[in-house]
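Quick one: sequence and predicted model below, then my questions.
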Amino acid sequence: MSNFADVHVLLEQYFDTLYYCDLEKFDVVFHPQAIYVTADETPLLYRNMSAYREVIAQRTSPASRSEQRRDCVDAIEFAGDNAAFARVRCSIGERDFVDLLSLVRTEGRWRIIAKVFQIIDMKGDTKGESKGERNALR
């Protein structure tokens, strides 16, 4: 497979991870030292993978609520053989998300090393939700 195809497979696994709250896939797509960040919070919301994994473990999956999937890969860019960037979008509940994913290839496979995201509710408003409401979804 090409690097592009390998990254695209990783991104499909990423979308499945979020839609099904699949912790086995979580462990495959995220590097153990990855970070999770949004500037939609004040102060900045930062989680390590252990904390983010717990969020996924406790969340009711969109699949169990029969939510329509709206996953989209906007762009994949390569900085070289071992570094790439992906801009993706997906929806959970009443919110759309734009995820900026930094990727690294280690031990022969691509993984997400950083997830920085923007929350957009279905009405286009990124403000007004409480911190707890936003974080419980993502």
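Good, I have the coordinates. None of the values given here were measured: they were computed from a predicted structure.

Please count neighbours and contacts with C-alpha atoms only from this point.
Noted.

Let me see the contact set for Tyr19.
Applying CA atoms under 8 Å, 6 or more residues apart in numbering, we find Tyr19 in contact with 61-63, 69, 92.

how about the strands in this structure?
Shown for the chain, the strands assigned by DSSP state E span residues 30-38, 45-48, 72-78, 83-92, 95-106, 109-121.

tell me what the fourth one is packed against?
Other helices and strands packing on strand 83-92, by 3 or more CA pairs under 8 Å, 6 or more residues apart in numbering; DSSP states H and E, are strand 72-78, strand 95-106.

Out of those, which gets nearest to Glu24?
Relative to Glu24, the nearest member of the helices and strands packed on strand 83-92 by CA to CA is strand 95-106, separated by 18.5 Å.

Could you list the paired strands of the closest one along with their orientation?
If you go by DSSP bridges, strand 95-106 pairs up with strand 83-92 (antiparallel), strand 109-121 (antiparallel).

Specify the angle between the longest one and strand 30-38 in degrees.
For strand 109-121 and strand 30-38, the angle between their directions (axes from the mean of the first three to the mean of the last three CA atoms, to 10 degrees) works out to 20 degrees.

What lies in contact with strand 109-121?
With CA under 8 Å, 6+ apart as the test, strand 109-121 has contacts from 6-7, 10, 28-31, 33-40, 82, 94-105, 126, 134.

make it 7 Å
Contacts with strand 109-121, where a contact means CA atoms under 7 Å, 6 or more residues apart in numbering, come from 7, 29-31, 33-38, 40, 94-105, 126.

One more: the shortest one?
Identification of contacts with strand 83-92 by CA under 7 Å, 6+ apart yields 62, 69-78, 96-105, 137.

Going through those, which ones are buried?
Buried residues within the contacts of strand 83-92, counting neighbours by 16 or more other CA atoms under 10 Å: 62, 71, 73, 76, 96-105, 137.

In terms of model confidence, name the weakest of those.
Ranked by pLDDT, the buried ones among the contacts of strand 83-92 bottom out at Leu137, which has 47.

Which helix runs longest in this protein?
Across the chain, the longest stretch assigned as helix under DSSP state H is helix 3-20.
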